[in-house]
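In: show me how the following folds:
(chains A, B, C and D)
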Protein chains: 4
Amino acid sequence: MTQLETQLIEWRRDFHQYPELGFLEMRTATIVADTLETLGFEFEIGKAVMNPDYVMGKPDDEETKKHLEWAKENGAIEKYLGYVSEGYTGIVATLDTGKPGPTIAYRVDMDALPIFEATGDDHFPVEKGFRSTTENMHACGHDVHTSIGLGLATRLMENKDQLAGKIKILFQPAEEGTRGARSMVEAGAVEDVDYLIASHIGTGVPHDTIVAANNGFLATSKMDVTFKGVSSHAGGRPEEGRNAMLAAANAVINLNAIPRHSGGATRINVGELHAGSGRNVIADHAALKIETRGETSEVNEYVKAQAEAVIEGAAKMYGATYNIELVGEAENTNCSLELAEVLKGVGEEAGLTGELKSDAAAGSEDATFMINAVQKQGGQATYCVFGTDLAAGHHNEKFDINESSMLPAVETLFASATKLSNQ
Amino acid sequence: MTQLETQLIEWRRDFHQYPELGFLEMRTATIVADTLETLGFEFEIGKAVMNPDYVMGKPDDEETKKHLEWAKENGAIEKYLGYVSEGYTGIVATLDTGKPGPTIAYRVDMDALPIFEATGDDHFPVEKGFRSTTENMHACGHDVHTSIGLGLATRLMENKDQLAGKIKILFQPAEEGTRGARSMVEAGAVEDVDYLIASHIGTGVPHDTIVAANNGFLATSKMDVTFKGVSSHAGGRPEEGRNAMLAAANAVINLNAIPRHSGGATRINVGELHAGSGRNVIADHAALKIETRGETSEVNEYVKAQAEAVIEGAAKMYGATYNIELVGEAENTNCSLELAEVLKGVGEEAGLTGELKSDAAAGSEDATFMINAVQKQGGQATYCVFGTDLAAGHHNEKFDINESSMLPAVETLFASATKLSNQ
Amino acid sequence: MTQLETQLIEWRRDFHQYPELGFLEMRTATIVADTLETLGFEFEIGKAVMNPDYVMGKPDDEETKKHLEWAKENGAIEKYLGYVSEGYTGIVATLDTGKPGPTIAYRVDMDALPIFEATGDDHFPVEKGFRSTTENMHACGHDVHTSIGLGLATRLMENKDQLAGKIKILFQPAEEGTRGARSMVEAGAVEDVDYLIASHIGTGVPHDTIVAANNGFLATSKMDVTFKGVSSHAGGRPEEGRNAMLAAANAVINLNAIPRHSGGATRINVGELHAGSGRNVIADHAALKIETRGETSEVNEYVKAQAEAVIEGAAKMYGATYNIELVGEAENTNCSLELAEVLKGVGEEAGLTGELKSDAAAGSEDATFMINAVQKQGGQATYCVFGTDLAAGHHNEKFDINESSMLPAVETLFASATKLSNQ
Amino acid sequence: MTQLETQLIEWRRDFHQYPELGFLEMRTATIVADTLETLGFEFEIGKAVMNPDYVMGKPDDEETKKHLEWAKENGAIEKYLGYVSEGYTGIVATLDTGKPGPTIAYRVDMDALPIFEATGDDHFPVEKGFRSTTENMHACGHDVHTSIGLGLATRLMENKDQLAGKIKILFQPAEEGTRGARSMVEAGAVEDVDYLIASHIGTGVPHDTIVAANNGFLATSKMDVTFKGVSSHAGGRPEEGRNAMLAAANAVINLNAIPRHSGGATRINVGELHAGSGRNVIADHAALKIETRGETSEVNEYVKAQAEAVIEGAAKMYGATYNIELVGEAENTNCSLELAEVLKGVGEEAGLTGELKSDAAAGSEDATFMINAVQKQGGQATYCVFGTDLAAGHHNEKFDINESSMLPAVETLFASATKLSNQ
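Out: Model prediction:
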């Protein structure tokens, strides 16, 4: 096993043991920062690379402070903690070769999920002793992504003489719930980028295969909706209530009844609904967790606009007020096939089986904001997947990857940098 | 049989044969006018006694014109037709005795129902040859009420020397649907009235019994509601529609879900709903017939206000517009017991069994506008019922009364005038 | 202050400091039992006086066990704890005079509410140092009722020579949520009773006034409803879900739309609704807290039957299953006025202002099961209210009574026993 | 202009003037029969080629009889009227060459739409004096299709020596609403068919272009749904009603809320809803016109199954009963490309621009039953479109085609027969 491979596994298992939810990746980010500094990278961290106006679904102050304490006690690097203590945990690392050439960016994500990791002995992290120490879990492989990002940084620095232009690595917070990418785009993280490659491990792609252009993401919006009414005694003064639960119930049904769209598939879901505070009290509040999706961003916008009308109307029917908070968003995308060809090529050189393109619907991803931004400014961008053997599906408590997939991913990304910077 | 009794039966059978719906009582009103003139009464007819701004649920011009032709061909008195040709068919007859005394008013109604009268030989009007000549029917006894009004006019004129003050008889259009009374009140028909007696035949009260104060009417509002959306092809362009049927369906359910009121009984009904124009077309229109009721006018206003909010919200949910037209309204009421005592007394003298008061819920009545207006200005008012044997319930195709109930009703009302004008 | 008055205050403040929720009145019941024993009463406690088949809305075993531990640590009398350790906390105390005479029963209740008591210095229990030691609160005066029951027991025993027949005092658990009374009725607690007097403090009746027959209780049913569906990924496999939230939302709206009843007022409320487990997951479960009410038990049964149809239909629409658990029930009632006259008389002799009867709607009460059972077997029964100055309304965090109201209540009840047993 | 071209125009204008709705094509079918007989074709007509068990959405007896009278008075050929007098108006014409060879079938449809044709002078049928004489209209070009069918018959008979095997022409009733095809399939009309070509004029395809394989039809089911409840007086006895309108309103909303399907696009529409009979009466009936669609027949079946559950549940909620009548159905399809290549070839030879295939969504078509049946038994089948200049879109009151498109269509179909029978 090469030193880098050993290092990748070490990083990955460390991050795996200390999973952090979106906008709380304080330990993770400070370790990334420290490693980048050691490697000799320049980097920006925190609000410098995240526009707070576009941060969505961020935990409240109390939760953020509480997690800061946890991070301090669990290995965060004190030196960088000030930059991320309010939950702005993004990092943009830059290697400026000084030579003329394109700007090439790689995006990896860092956050974990609120899933309780499996405890059985047949679960590899248990067997090897790096099971999560908390109630959260890296059940989507972002621990792996962060490690690949650091591995890529290592290889780039080792070989910076072979490179030209600028190479950036974007360590993104809060991909789960599609919450973090947009704030980095709006802070200008990709505005100088000519080539962007976002990557993901797993997703059902066969082991040691690279899909160089993974399309099919659905545009999506995540919304937290609240209705506020007036409570009253249901037996004694029913007419004095303004029933927020009735408003919410109407919203739930009619959100599902939003017309289909001839422009492509749509989805709508109310995943959670909590309303009322006592059997004999007219409910004065209701809270809903909603998501819309569309085959294109335009179709998603249609569903979102209809959803807002439904919510407004439902509130009006019962004299309630409402609030809609956007807590996540992503776009659809069309990967740049020219770039994907390059990536497929270097992947095959690194020993992987190459597939140019997949259009299989694949949920939603906020790297799409970065991809679309780069393409809009004339650059090329793609989203690739590195296949691996999965112990169980993503978001499953037994999710695990084959760690041998990390090194080829690093080598492929590194080779793409070499290739692209010297075109 | 006395001459008046014979005359009452003649009038009643004539009106019964030519039933006219609300605001179309052209034949009826001109015959009433002609009879009043013959008797020597002063009277006003048409817009002089009806404020058009408060006429509700009036048929449109086309229907009105069509009925005018019918009336001309079916015995309307040409001479008065000009006054009622637009559908303002109310009449206020006045007998001014010239002697000081109170103003006493009697209210009768004239309109029929869109019910197809029974055709069997066991139905008295069939047997006696005075079944309706049209598709409408006097299935609530207003033919009887109009006849009683004319009988009362006859008795008053015959005995005007015994009377003092002024005696008025209000012949009201469109009581069905509670549409006509308010326009007469708003035209000032009762503004000089000290005593008002409205009367009804039947309603389940035993034969030859008078209930002198019939309370328990529910306040009500009748509304025609339309939703207007945008049609589109349901298969090809579902997203381009604005579904008026979905707005209407939500309205229907949530109207029924309007909270109960601790201040008294409420009712809400959507009696008719028609929406859409083709299986594969998103419905761009929907029409609803609605009514609200409340144990008090205040409670009814509450339901009405909630209904408007529901309708507005339902329209908003689906991007539809809406229109609410008030097509009928009535209030609740508390009869003046002092006046009722007088009425009960003279009723008993006329051979009837007297009951002072009933609070049994009894649907809605727009004479309540007149009653409340008189009471508000310091007068006394009541709503009495003359019991009779019914062949079948009100609004039934076999409805019929015992004609021998008419004369005692006339005598009772006449005696009340004598008594009240000489108090 | 008399010794009894001092004792009443002492009891009341002690119970107030240690409030216990329904079917968990272990400390309270064992102290009551111990006091009864000291006084020389015979009594039965636990399952002997509660039929488990008719216990509704009882906390689960875990909560019961946990509370048992609390009770042990907070003053429960060990000796009787075995009888009530499973949450059957009712007590029937009997004084058999040995002399022929009627059986007279008094019912008091013992449970508290899940309300966090006010902490301000202006709150009397805070000022006097007897504020609740837990998160629950005697915010409805049942601490007072239990004390009055013990005060009555004291006076009866002191004067047993003046009495004849049998006198029973029923200490009932779980009146809140109308859960406990029926199980005592079904265990035979009132089957020998000739006269039953249930009593309550406060409820807006003026200080030092007794309302001897408090009618107007609405019959009610409390139901916990769950829908169970099938979850699936809302983006990837929407068609595989069976959406329990949609079933629940339809139930909520259509429960509110259950038709009004001409037989009297109805109420329906869904006070709480919780559904779903994640934004992007089709909800596979939903839980609702429902209550129905009716002016009569018959009307309430109508609403309940309609509710069951709505719930069944709503589940069917979305392929969900459902469960309805009855967790509380009460009937309406007509107090025996003859008994109320006696009670009013003795109340006036005790210095109170007497009012025979009130029909004001007053929520629901499960003493109605006892009242109706006694009347059905030919006895007389009434529900009386002892007015007091309230610091704040019932179920308010600042609820408090004027403690000087306790003694007259005890004296009145005692006097009624004397009077009735010697009639 | 050739004689055939003149004849085609004559037929077309005659059919256009006498449009007949589905299952009422009595005049059309008897003229077709008479023409076929004159040409020397064998044919079967009526129930012989339509299985009554699979006829959907057929007008009732009264309407059928009434139309029969109309047909008699408007040019139907008496001789064949007996076969079609009950509304079974399909015809299968067969030319058996006696030579070995395949069985080739052509399907045309004959029914018109309930659309009132434009009356302006700029409308070609008005200008040329062949506007519809009734309230219906050939606004989808089926008059053209029938004429093409007869033109094809003419050309086949003229050239029968060049042909081999058997050639069939299927004149189908009631394509509008996708009602007629299945009954012909179930009567065995295509069970011996090796090649089937269904054709349509217009649909937005450019003039003189042939699309040889028109895929993209959505599978569909058309359903008439009724709810039956119990009426009662909304003010007096609301509890006695079983509200069919409320059941229907719930059905409407929840039908629209049927979950999307990951297997392809779905559609659902309630196009018409009529409920209730009076403002103050609880509605005891409601009637809905519904259609479901799916990208595949499987997906459509899913929507249909969900729809049935929604309807059943909605009825259950309000104690109503329901009935679902299937009044139309169609499948999706994949045209046989090998056959389409042949068709495209001969079309190009006939001077048309050829396009092999279109996947544009194109509503629904019940020729799909025939296509799928033929493919299932190992044959080839396709659905082609002959482009033409349209004056206005299909189903528009100004719809009209360029009549010069008819001859090339006939020639193309004829050439395909020659080609296929001699392969």
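In: contacts only, for the nearest residue to residue A:339 once chain neighbours are set aside.
Out: Nearest residue to residue A:339, sequence neighbours excluded (C-beta to C-beta, 6 or more residues apart in numbering or on different chains): residue A:380, at 3.9 Å. Just so you know, the C-beta spots here come from the backbone N, C-alpha and C atoms, and that holds for glycine as well. Listed by C-beta atoms under 8 Å, 6 or more residues apart in numbering or on different chains, the contact set of residue A:380 reads A:194, A:195, A:196, A:336, A:338, A:339, A:374.
In: so which of those sit within strands?
Out: A:195, A:196 (DSSP state E).
In: mind checking which of the contacts of residue A:380 are buried?
Out: A:194, A:195, A:196, A:336, A:339, A:374 (16 or more other C-beta atoms under 10 Å in any protein chain shown).
In: any idea of the pLDDT on the residue nearest to residue A:339?
Out: For residue A:380, the pLDDT comes out at 98.
In: then the one 5 residues further on?
Out: Here, the pLDDT recorded for residue A:385 equals 96.
In: mind splitting chain A into its structural domains?
Out: The record's domain parsing of chain A by automatic domain parsing lists A:3-217+A:332-421, A:219-330.
In: enumerate the residues of the stretch 201-350 of chain A near chain B.
Out: Counting by C-beta under 8 Å from any C-beta of the partner chain, the stretch 201-350 of chain A comes close to chain B at A:236-239, A:241, A:243, A:246, A:250, A:254, A:257, A:259-263, A:282, A:302, A:309-310, A:312-319.
In: which among those end up buried?
Out: Of these, these count as buried by 16+ other C-beta under 10 Å: A:238-239, A:241, A:243, A:246, A:250, A:254, A:257, A:259-262, A:282, A:302, A:309-310, A:312-319.
In: go through chain A and flag its longest helix.
Out: The helix that spans the most residues within chain A, counting by DSSP state H, is helix A:297-317.
In: tell me if that one is near chain C.
Out: No. Helix A:297-317 is not in contact with chain C by C-beta under 8 Å from any C-beta; minimum separation 10.1 Å.
In: right, and the helix or strand after that helix?
Out: Elements were assigned by DSSP states H and E; along the chain past helix A:297-317, the next helix or strand is strand A:321-330.
In: for that next one, buried residues please.
Out: So for strand A:321-330, counting by 16+ other C-beta under 10 Å, buried means A:322, A:324, A:327, A:328, A:329, A:330.
In: next: stretch A:226-233.
Out: Buried residues in stretch A:226-233, counted by 16+ other C-beta under 10 Å: A:226, A:227, A:228, A:229, A:231, A:232, A:233.
In: chain D: which of those residues is nearest?
Out: Distance to chain D, by C-beta to the nearest C-beta, is smallest for residue A:227 among those, at 18.5 Å.
In: so where does the closest one fall, helix or strand?
Out: Going by DSSP H and E, residue A:227 is in strand A:219-228.
In: that strand close to chain D?
Out: No. Counting by C-beta under 8 Å from any C-beta, chain D is not contacted by strand A:219-228; separation bottoms out at 13.9 Å.
In: strands of chain A, start to end?
Out: Using DSSP E, strands in chain A cover A:42-45, A:91-96, A:103-109, A:166-172, A:195-201, A:209-214, A:219-228, A:266-275, A:285-294, A:321-330, A:353-358, A:380-386.
In: strands paired with the fifth one, and their directions?
Out: According to DSSP bridges, strand A:195-201 has the following sheet partners: strand A:103-109 (parallel), strand A:380-386 (parallel).
In: which residues touch that strand?
Out: Strand A:195-201 is touched from outside by A:102-108, A:141, A:144-145, A:148, A:190, A:214, A:339, A:343, A:365, A:367, A:370-371, A:374, A:379-386, A:388, A:401, A:405-406, A:409, A:413, A:416, A:420, with contacts defined as C-beta under 8 Å, 6+ apart.
In: again, only using 7 Å
Out: Strand A:195-201 is touched from outside by A:102, A:104-107, A:141, A:144-145, A:190, A:339, A:343, A:367, A:370-371, A:374, A:379-386, A:388, A:401, A:405, A:409, A:413, A:416, A:420, with contacts defined as C-beta atoms under 7 Å, 6 or more residues apart in numbering or on different chains.
In: also stretch A:39-59?
Out: Here stretch A:39-59 makes contact (C-beta under 7 Å, 6+ apart) with A:23-24, A:29, A:33, A:36, A:80, A:83-84, A:87-88, A:90-95, A:153-154, A:157, A:177, A:179, A:182-184, A:186-187, A:189, A:222, A:326-329.
In: of these, grab the buried ones for PyMOL.
Out: Provided next is the PyMOL selection string for whichever of those are buried by 16+ other C-beta under 10 Å:
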select buried, chain A and resi 23+24+29+33+36+80+83+84+87+88+90+91+92+93+94+95+153+154+157+177+179+182+183+184+186+187+189+222+327+328+329
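In: now for the strands of chain A, which one comes closest to residue C:132?
Out: strand A:285-294 (25.9 Å; C-beta to C-beta).
In: from the contact counts, what lies against the closest one?
Out: strand A:219-228, helix A:244-256, strand A:266-275, helix A:297-317 (3 or more C-beta pairs under 7 Å, 6 or more residues apart in numbering or on different chains; DSSP states H and E).
In: can I get those in JSON lines including mean pLDDT?
Out: As requested, the helices and strands packed on strand A:285-294 are exported to JSON lines (pLDDT from 0 to 100):
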{"stretch": "strand A:219-228", "mean pLDDT": "97"}
{"stretch": "helix A:244-256", "mean pLDDT": "98"}
{"stretch": "strand A:266-275", "mean pLDDT": "97"}
{"stretch": "helix A:297-317", "mean pLDDT": "98"}
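In: of these, flag the one that's most buried.
Out: Most buried of the helices and strands packed on strand A:285-294, by mean neighbour count (mean count of other C-beta atoms under 10 Å in any protein chain shown): helix A:244-256, with a mean of 29.
In: what does it contact?
Out: A:227-229, A:268, A:270, A:273, A:275-276, A:283-286, A:288, A:290, A:307, A:310-311, A:314-315, A:317-318, A:320, B:250, B:254, B:257, B:317, C:245-246, C:249-250, C:252-253, C:256, C:270, C:273, D:253-254, D:257.
In: now the angle from the strand holding residue A:227 to helix A:244-256?
Out: Strand A:219-228 runs at 160 degrees relative to helix A:244-256, counting by axes from the mean of the first three to the mean of the last three C-alpha atoms, to 10 degrees.
In: returning to that earlier point: relative to residue C:352, which of the domains of chain A is closest?
Out: domain A:219-330 (25.7 Å).
In: what's the first-to-last distance across the closest one?
Out: Using C-alpha to C-alpha, to the nearest Å, the end-to-end distance of domain A:219-330 comes to 5 Å.
In: show me how far it is from its chain's centre.
Out: Domain A:219-330 sits 25 Å away from the centroid of its parent chain (C-alpha atoms, centre = their mean, to the nearest Å).
In: stretch A:93-102 now?
Out: 26 Å.
In: same question for stretch A:364-371.
Out: Taking C-alpha atoms, centre = their mean, one finds the center of stretch A:364-371 at 8 Å from the center of the full chain.
In: what do you get for stretch A:340-347?
Out: The chain centre lies 24 Å from the centre of stretch A:340-347; the measure is C-alpha atoms, centre = their mean.
In: and the spatially most central residue of chain A, how far from residue A:182?
Out: Geometric centre of chain A, nearest residue: residue A:175, 1.1 Å, by C-alpha atoms, centre = their mean. Distance from residue A:175 to residue A:182, counting by C-beta to C-beta, to the nearest Å: 11 Å.
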